[in-house]
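**Q** Return a 3D structure for these sequence lines:
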Amino acid sequence: MTDESHGMDAAEEPTPIADHDDAAVLEGAGDFTSGEGLVAFAGMVLLAVWVIFDLIADTYAMDNLVPVVAAVALLLPRLDRVRVESIQPLPVLMKLAGWALVLLGIVDFLIDVRFGFYDTIGGIIGALAAYAGYVMAFLGARQIEV
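**A** Got it, this is the predicted structure:
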């Protein structure tokens, strides 16, 4: 005998899309739902790619400036906001870091195409993960309002 309800009572129906509360859905999403959060997450992804595929596995090389800008993008929202904003407003700095990552991503893509880091599976995975980080930085930088 099989259970066709898959854990739901026959009388219980799923909530229609129109009745979903967006605030409740995003409540547990954390810092990565805003443009600044996407840029910070892109920094985290790019740092992970750098450590795993460049330092440890040595299958995919990145420009040396990428981990520096990625670390800045990751750490800026976690520093003392008053001190950061004494230099520039945080959204301006995060947007700048995001666009810098996008520019470095374009350069890295062109270098990858020209010199071919796609000869090993580790190089392909590292490149795709880095490109995903660059795309996240692009989407985040576009969302930030200054």
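
**Q** quick one: low-confidence parts of the protein?
**A** Scanning the chain for pLDDT under 70 picks out the ranges 1-33.

**Q** swap the cut-off to 90 and go again
**A** Counting by pLDDT under 90, the chain shows low-confidence ranges at 1-34, 81, 115-119, 146.

**Q** How are the strands of it distributed by residue range?
**A** For the chain, applying DSSP state E gives no strands.

**Q** Against residue 138, how distant is the spatially most central residue of the chain?
**A** Nearest to the geometric centre of the chain sits residue 42, at 2.7 Å (CA atoms, centre = their mean). Separation of residue 42 from residue 138 (CB to CB, to the nearest Å) stands at 8 Å. Where C-beta positions appear, they are placed from N, C-alpha and C, glycine not excepted.

**Q** Need the overlap of contacts for these two.
**A** The contact sets of residue 42 and residue 138 overlap at residue 98 (CB atoms under 8 Å, 6 or more residues apart in numbering).
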